[in-house]
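Enquirer: Dropping a prediction and its sequence here:
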Amino acid sequence: MHLIRIKRIYDPVEDGDGYRILVDRLWPRGIKKEQAALDQWAKSITPSSEIRKEFHHDPSGFSEFRQKYLFELESNPESETFHRQVFEKLHDGPVTLLYGAKDQEVNHAVVLKEWLEEQDFRHK
């Protein structure tokens, strides 16, 4: 089984990225579709506009944001399908979750990666 990675969409495309999934609800500014080299755009599993705006990438609110986003993932009917798709792709190579936020440690992609890995652990 290969790894799930997270990476800013603004970073260069690399061979090791494998299957590339944009996990932002909004298209990132300044990125052309060809430049993004996406395999999938998973808008349906991103944080709601409400909690995204509340959080606004403020590190002091990350814990609360994380809890709200995890709740959304657990209650989102699209989440199970997304989880299955990611783990099917992992049999062929790495999967990279792409996001636009500047902070590489305090963003929703970190939470989504953790959630996906937890789902895999639960299903074993």
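Expert: In hand now; what should we look at? Residues are numbered from 1 along each chain as shown.

Enquirer: residue ranges of the strands in the chain, please?
Expert: With DSSP state E, the ranges of strands along the chain come out as 4-8, 19-22, 40-41, 95-99.

Enquirer: deepest of those strands, which one?
Expert: Comparing these by mean neighbour count (mean count of other CB atoms under 10 Å), strand 95-99 comes out on top with a mean of 25. C-betas here are computed from N, CA, C, even on glycine.

Enquirer: one step back: can you lay out the strands of the chain as CSV showing mean pLDDT and distance to Lys53?
Expert: CSV is the format used below for the strands of the chain (pLDDT from 0 to 100; distance: least, CB to CB, whole Å):
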stretch, mean pLDDT, distance to Lys53
strand 4-8, 97, 21
strand 19-22, 98, 19
strand 40-41, 97, 20
strand 95-99, 98, 16
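
Enquirer: can you put those strands in TSV and add distance to Gly30?
Expert: Listed next are these as TSV, based on distance: least, CB to CB, whole Å:
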stretch	distance to Gly30
strand 4-8	12
strand 19-22	14
strand 40-41	16
strand 95-99	14
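
Enquirer: gap between Pro59 and Leu97?
Expert: 20 Å (CB to CB, to the nearest Å).

Enquirer: Show me the shaky parts of this protein.
Expert: Applying pLDDT under 70 to the chain flags residues 1, 57, 120-124.
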